[in-house]
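# what follows is a predicted structure for the sequence shown.
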Amino acid sequence: MRTPRTASLVAAGALLVLACASQSGFVAGKQDPAVQNALQTGRFELGCAGATANVLSSTYVPGKVEQAQFVIGVSGCDKRAMYSVSCSADNDTCSPAQAVKMDTGTATPPAPPAPKPAN
């Protein structure tokens, strides 16, 4: 026999599952514009028209206006960058990609060989 408390817990659990599904759907719906935003910025900043992008992380941010935040890696032409992009529920565009980290392939050159000892 179910008690009112059990019924309340079941209803609360069902609402939680629906809320999570709604949040993940919102984030998934914003992923493509976020990736395109970061890719366009990355191709320009890295000077590499063939660069590709990968989503490194995504987060749902609740609030007065829901947001989906992404960290997106862009790489190509021996260069890499990470961009942070935020997309809000109140419009169809995302914020301009902000560079989080860049590696433009200017690695530290190897140390010169040690001098040979004099005979």
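Received the coordinates, thanks.

# do me a favour and get the end-to-end distance for stretch 43-54?
This stretch, stretch 43-54, spans 13 Å end to end (Cα to Cα, to the nearest Å).

# any residues touching it, and which ones?
If you take Cβ atoms under 8 Å, 6 or more residues apart in numbering as the criterion, stretch 43-54 is touched by 35, 38-39, 42, 72-77, 79-81, 99, 102, 104. Glycine gets a C-beta too; all of them are placed from N, C-alpha and C.

# let me know the average pLDDT across the helix or strand where Ala28 lies.
Following DSSP states H and E, the helix or strand that holds Ala28 is helix 4-46. For helix 4-46, the mean per-residue pLDDT is 72.

# numbering from 719 from now on, please.
Understood, numbering begins at 719; the last thing we discussed is helix 722-764.

# my read: Phe744 touches Gln785, true?
No: contact criterion Cβ atoms under 8 Å: Phe744 and Gln785 do not qualify, at 9.2 Å.

# which SS state does Leu774 fall under?
strand (DSSP: H, G, I helix; E, B strand; the rest coil).

# so where does the nearest residue to it once chain neighbours are set aside fall, helix or strand?
Spatial nearest neighbour of Leu774, excluding adjacent residues (Cβ to Cβ, 6 or more residues apart in numbering): Val789 at 4.5 Å. Secondary-structure assignment from DSSP H and E places Val789 in strand 785-794.
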